[in-house]
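Q: mind looking at a prediction? Sequence and model below.
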Amino acid sequence: MGDNVLLNFGQTFLYTKLLSYGFRIWFVLYHSELSYRKSCMRIILGFMEKRQQTKPSMPAQSLEFVNVSLSQYLPPKTTMNTLAVAINRNLNHHLDGHLIFFTGTRNHKLPNGMFVVAHGDERPVPNMFQSVRHLLEHHIADYDWFYFVQDDTYTQPERLKTLVSHLSMDLQLYMGQPGEFIGGETKGRYCHSGPGFLLSRALLLNIRPDEWLGRCIIDYAGMSCVEKYEGLNYNYLTMENNMDLPRMENDGFQNALTVHPVTSAEFMYRLHKHFTEIELELAVDGNKSALWPIGITHPFEPKSRFEVLRWDYSTEDNLFSCVDGAPKCLLSGADRDDVTNVIKVAVEELNKKYSPFVQLSAPQLVNGYRRLDHTRGMEYTLDLQFQATTESGHQKSIARHVHLVRPLSQVEIIPMPYVTEATRVHVLLPLTSYDSHVALRFLDHCSSNLFETGENAVLNFLFTYETAEAQKVSTNDVFAEVKAKITSVEHRYPSVKVSWISIKTESPGVLRILDIVSRKHPVETLILLVTADTVLNSEFLNRCCMNAISGWQAFFPIHFQEFDPSVAYPDQVPPASSDLVREAGHFDRYIFEEACFYNSDYMSSRTRITGDLQENEELLESLDLYDMFVQYSGLHVLRAIEPALRQAYRNQTCNPRLSEDVFHRCLQSTLESQGSRSQLAMLIFEQDNNSVTVHFITEDFDLNI
């Protein structure tokens, strides 16, 4: 356990407690020690073997309890309407209503507001067996801990939650009040039933048939009952006859998890009132542990395994969760500065705590974890090694475990203009002769996804001719087939008008093309810049309308790029439409060719480049649209993945006349679009095996000759 110190560096504080993972737990209430011992029957083995392959469940944030009330020793008429009702009233609201009672009587009239399971057999051994069987049959895969306790035992629910929250859910543990077996034939100790005992799910799955439950656990799991485990105590109090609350004011009573035996419902209520008052006093005065300052939210609590936030592991030199998916990469740039800053502040605050008795120096990061919690900020968990120097000059190497968080600060609501999905979108497609054949497929997609559904969109083609191509336009137009397709589409859909503009240029830079187009459209035009491989649909058009805000924001979506079918689907027929899974493709963060913005924002940004153009005449060739908006627009540029925007795989060649940065991004995009790392590795592995096989065959053939 590390030091609980508040570290304050600007907006950073030391995390003061371990992450509190809740654990799901069953609360089993019964009465007889005999029933506790005679519980492990052969039929249970079938259920255990059936459930053993179930994976450990996700730790929950709440505890759920089952109570078993056996009437063999306390008849139902006296316990079900007294102690059972008292337990239900005391614990039900603390346990979110998850409180279930087991009984051996079927015909008894049950109190209202209680969930009771009746076995129909009041004998202790069969009753206990049916209870354990019910747990194994219905709840073994859902809960991590099972708590067994008699109906005359008071249990403090908050302390039980605290105890279980510090235990690992895959731990094999048998915890309670240890007792020796009669006769001494069996080695080990069992847990007395009076104060209750805690059984882990992992342990319950490992026991085998036997006559006694305690001996089951010892013989087949090799676990004895323990009262302490890694600094955690199972505190209980055994009441004497006629003991009242004033006589019980001692540390053993104040820290008790359970009190046994409780002979009346009235005393059960008094105990609950007393322990509730203790919890209220702690709530006001604190529990002498470091707390987060007011305004710092608690860590995010996942409700399922799909919501668990990932912790990234790093050392001072390497990061083991890289952006490109590599298992290891150098810690550099802002990431390195972040880790260095956190270590520095941790040393400063720890020295403040130990000063003047101990001075810590030469910090070394042994293990470092961090994660982004979107509800509070960046969290850190560090294992640090120090050289500690005392006032007398003695030195010693010590380790400290610290938790820190850099909270999100100065959060404010920014007023945004009202936008709707009714805005008309002007789809702009620049084309070169290399993409003319792909444009035919683009028109087919637009016909089925836009024109037939009557989307509020206008299609504009920009035919970019080189000088040699422009001279032959009357005899050999490189875009003749595309223009014929456009005429066919307009004839098929009379309400659709597809316009085109022919441009002659030696430099197909997107900014030079947009300079011509922007002058032909009103300033309030919403422009969607696409490529010939883009597949448009109504969902993405709506997203374009909502994410592009005039005077505020430009939208650059990250499309889903499909992998090469021969790599992603070897020896298979590729599906007509691939699913959004990692085996089918990836989100291509190297491509910035799709963009959604208003013409007025482009024109204002273009005007601000004039000064820099005088110093660098080639700026328009090296600067792409995304960089222009980031550097010159003053707008918020939204860059986000777009699941509705997809591109089919095409083996394309990057234009060498592009700027160096754009050309490099194009090459990187082309390489990563071949397939995933595992798919490419498998392909290389198969090719290597084939080459080795051929090599051996050739050698054998030569030897035979």
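A: On my side now, so go ahead. Numbering: from 1, shown residues only.
Q: so where's the stretch 201-350 of the chain uncertain?
A: Applying pLDDT under 70 to the stretch 201-350 of the chain flags residues 208-212, 241-251, 283-294, 324.
Q: what about residue 235, neighbour count?
A: 18 (other Cβ atoms under 10 Å). (Glycine included, C-beta is placed from N, CA and C.)
Q: got the phi and psi for it?
A: phi -90, psi 130 (degrees, to the nearest 10).
Q: ditto for residue 118
A: Torsion angles, degrees, to the nearest 10, at residue 118: phi -100, psi 130.
Q: what's the spacing between it and residue 129?
A: Taking Cβ to Cβ, to the nearest Å as the measure, residue 118 falls 15 Å from residue 129.
Q: same check, this time on residue 328
A: Distance from residue 328 to residue 129, by Cβ to Cβ: 53 Å.
Q: likewise for residue 304?
A: 33 Å.
Q: okay, the two: which has more neighbours?
A: Per other Cβ under 10 Å, whichever of residue 304 and residue 129 has more neighbours is residue 129, with 21 against 8.
Q: distance from the chain centre to the helix or strand containing that one, please.
A: Assigned by DSSP states H and E, residue 129 falls within helix 124-138. Relative to the centre of its chain, helix 124-138 is centred 36 Å away, using Cα atoms, centre = their mean, to the nearest Å.
Q: can you check stretch 328-335 too?
A: What separates the centre of stretch 328-335 from the centre of its chain is 22 Å, taken as Cα atoms, centre = their mean.
Q: what's the answer for stretch 154-171, then?
A: Distance, centroid of stretch 154-171 to centroid of chain: 24 Å (Cα atoms, centre = their mean).
Q: repeat for stretch 409-420
A: For stretch 409-420, the distance to the chain centre is 27 Å (Cα atoms, centre = their mean).
Q: what mean pLDDT does that stretch have?
A: For stretch 409-420, mean pLDDT is 76.
Q: next one: stretch 688-705
A: 43.
Q: domains in the chain, by residue range?
A: Here the domain assignment for the chain is 25-238, 302-407, 425-674, based on automatic domain parsing.
Q: one step back: who does the helix holding residue 129 touch, helix- and strand-wise?
A: strand 25-30, helix 33-37, helix 42-51, strand 65-68, strand 99-103 (3 or more Cβ pairs under 8 Å, 6 or more residues apart in numbering; DSSP states H and E).
Q: where among the ones you listed is average confidence lowest?
A: helix 42-51 (a mean of 28).
Q: before we move on, which element is residue 402 in?
A: strand 395-407.
Q: who's in contact with the following helix or strand past that strand?
A: Downstream of strand 395-407, the next assigned helix or strand under DSSP H and E is strand 425-431. By Cβ atoms under 8 Å, 6 or more residues apart in numbering, the surrounding residues in contact with strand 425-431 are 439, 442, 446, 456-464, 479, 482, 508, 510, 513, 517, 521, 525-532, 536, 541, 544-545, 596.
Q: switch the cut-off to 6 Å
A: Applying Cβ atoms under 6 Å, 6 or more residues apart in numbering, the contact partners of strand 425-431 are 439, 457-463, 513, 525-530, 541, 544.
Q: what pairs with the longest strand seen in the chain, parallel or antiparallel?
A: As assigned by DSSP state E, the longest strand anywhere in the chain is strand 358-373. Under the criterion DSSP bridges, strand 358-373 sits next to strand 312-314 (antiparallel), strand 377-390 (antiparallel) in its sheet.
Q: so for residue 195, which of those sits nearest?
A: Smallest distance to residue 195 across the strands paired with strand 358-373 (Cβ to Cβ): 35.3 Å, for strand 377-390.
Q: now do that closest one: everything it contacts.
A: Outside strand 377-390, the residues that reach it (Cβ under 6 Å, 6+ apart) are 342, 358-364, 366-373, 395-396, 398-408.
Q: just the buried ones from the residues you listed?
A: 342, 358-360, 363, 368-371, 373, 400, 402-408 (16 or more other Cβ atoms under 10 Å).
Q: next, residue 615: phi, psi?
A: phi -90, psi -30.
Q: any idea how far residue 258 is from it?
A: For residue 615 relative to residue 258 (Cβ to Cβ), the value is 80 Å.
Q: do the same with residue 654
A: Taken as Cβ to Cβ, the span from residue 654 to residue 258 is 72 Å.
Q: quick one, which of these two is more surrounded?
A: When residue 654 and residue 258 are compared for neighbours, residue 258 comes out ahead with 25 against 15, by other Cβ under 10 Å.
Q: hang on, isn't that one packed against residue 196?
A: Yes - judged on Cβ atoms under 6 Å, residue 258 makes contact with residue 196 at a distance of 5.2 Å.
Q: anything in contact with each of those two?
A: residue 153.
Q: show me the helices in the stretch 401-550 of the chain, by range?
A: 436-446, 467-471, 480-492, 510-518, 538-547 (DSSP state H, counting those that start in this stretch).
Q: residue 668: which of those helices is closest?
A: Smallest distance to residue 668 across the helices of the stretch 401-550 of the chain (Cβ to Cβ): 18.6 Å, for helix 510-518.
Q: got the angle for the closest one vs strand 425-431?
A: 130 degrees (axes from the mean of the first three to the mean of the last three Cα atoms, to 10 degrees).
Q: using PDB, list the CA coordinates for stretch 255-266.
A: In PDB, the C-alpha atoms belonging to stretch 255-266 read as follows (Å, rounded to 0.1, in the frame of the first residue of the first chain):
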ATOM      1  CA  ASN A 255     -14.900  -2.800  14.800                       C
ATOM      2  CA  ALA A 256     -17.100  -5.900  14.600                       C
ATOM      3  CA  LEU A 257     -18.300  -7.100  11.200                       C
ATOM      4  CA  THR A 258     -20.700  -9.600  12.800                       C
ATOM      5  CA  VAL A 259     -22.300  -9.900  16.200                       C
ATOM      6  CA  HIS A 260     -23.600 -13.400  17.400                       C
ATOM      7  CA  PRO A 261     -25.900 -14.600  18.800                       C
ATOM      8  CA  VAL A 262     -28.700 -12.100  18.600                       C
ATOM      9  CA  THR A 263     -31.700 -13.600  20.500                       C
ATOM     10  CA  SER A 264     -34.400 -11.100  19.600                       C
ATOM     11  CA  ALA A 265     -35.500  -8.800  16.800                       C
ATOM     12  CA  GLU A 266     -35.500  -5.900  19.200                       C
END
